[in-house]
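Participant: Structure for the following, please:
(chains A and B)
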Amino acid sequence: DAGVIQSPRHEVTEMGQEVTLRCKPISGHNSLFWYRQTMMRGLELLIYFNNNVPIDDSGMPEDRFSAKMPNASFSTLKIQPSEPRDSAVYFCASSLTPLGAHEQYFGPGTRLTVT
Amino acid sequence: AQSVAQPEDQVNVAEGNPLTVKCTYSVSGNPYLFWYVQYPNRGLQFLLKYITGDNLVKGSYGFEAEFNKSQTSFHLKKPSALVSDSALYFCAVRDYSGGYQKVTFGTGTKLQVIP
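Facilitator: Below you'll find the model as predicted:
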């Protein structure tokens, strides 16, 4: 398996623009997670899905952020409008089960810079 | 209170010496505990986990961790450090918050192995 795939790997955009990050989980994994990592705040869970259904979105910072999982092999995280404080590395991860005994497999991340 | 704590921001160790990266947890019920490693510009990578059974868990790259229930700790260890072990290490624990299961990550410990 190719592992978790994320695109783009790097994104530079101007404040106010819409940003869409994409993720393809490992085939057969039922759960998908979106994280944000910054030096100041560390690793933060934004949202996770189980069987394509959002389970916990309490980590989504505000309404500018939205996430979808239209099928088992694809998810998006959208920021509209983007702000400089959204600059971070965004990781997608997948696992066999939501939060049981199975480990998570992380993608390489998308480094977002909002100017 | 934080569910998981990594008390050291950085650990320095000489190549060939044993290393320990500390982690303590505070959760109700039986903890599921994980260690992940992050190399520069990469996603997190699973190292090992404790779910139940033997308190000494062996993982990838010669790492091991010992679950200590009385001290609520899950320290990561390796008998002989390599320069290539230099990375950021995260401890994680399954926890319950707001009615949801969550996996909470620690703040990370930077391991520097000195040649």
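Participant: From here on, just use CA atoms for contacts and neighbour counts.
Facilitator: Will do.
Participant: State the helix or strand in which the spatially most distant residue from the centre of chain A lies.
Facilitator: In chain A, counting by C-alpha atoms, centre = their mean, A:A101 sits farthest out from the average C-alpha position, at 21.3 Å. Remark: A:A101 resides in no helix or strand, with elements defined by DSSP states H and E.
Participant: close enough to count as contact, it and B:N30?
Facilitator: No - judged on C-alpha atoms under 8 Å, A:A101 makes no contact with B:N30 at a distance of 11.4 Å.
Participant: need the residues of chain B near chain A, please.
Facilitator: Applying C-alpha under 8 Å from any C-alpha of the partner chain, we find that chain B lies next to chain A at B:32, B:34, B:41-46, B:49, B:51, B:94, B:100-103, B:105, B:107-108.
Participant: out of these, which are buried?
Facilitator: Buried residues within the residues of chain B next to chain A, counting neighbours by 16 or more other C-alpha atoms under 10 Å in any protein chain shown: B:32, B:34, B:43-46, B:49, B:51, B:94, B:102-103, B:105, B:107-108.
Participant: Please name the bridge partners of A:T20.
Facilitator: Beta-bridge pairing for A:T20 (DSSP bridges): A:K78.
Participant: For the least confident helix or strand in chain B by mean pLDDT, give me every contacting residue.
Facilitator: Lowest mean confidence among the helices and strands of chain B (mean pLDDT, DSSP states H and E): strand B:100-105, at a mean of 78. Where contact means C-alpha atoms under 8 Å, 6 or more residues apart in numbering or on different chains, the residues beyond strand B:100-105 that reach it are A:43, A:56, A:99, B:3-4, B:90-96.
Participant: what are the C-alpha coordinates of that strand, in CSV please?
Facilitator: Written as CSV, here are the backbone C-alpha positions of strand B:100-105 (Å, rounded to 0.1, in the frame of the first residue of the first chain):
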residue,chain,number,x,y,z
TYR,B,100,-16.1,11.1,22.8
GLN,B,101,-13.1,8.8,22.8
LYS,B,102,-10.0,10.8,21.8
VAL,B,103,-6.4,10.0,21.3
THR,B,104,-4.5,12.8,23.0
PHE,B,105,-0.9,13.4,22.0
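Participant: Retrieve the pLDDT associated with the closest residue to A:Q80 other than its chain neighbours.
Facilitator: For A:Q80, ignoring the flanking residues on the chain, the nearest one in space by C-alpha to C-alpha, 6 or more residues apart in numbering or on different chains is A:E18 at 4.5 Å. A:E18 carries a pLDDT score of 97 in this model.
Participant: what about A:E18, distance to B:Y61?
Facilitator: Separation of A:E18 from B:Y61 (C-alpha to C-alpha, to the nearest Å) stands at 41 Å.
Participant: Go ahead and name everything in contact with stretch B:48-68.
Facilitator: With C-alpha under 8 Å, 6+ apart, stretch B:48-68 has contacts from A:101, A:103, B:31-36, B:47, B:73-78.
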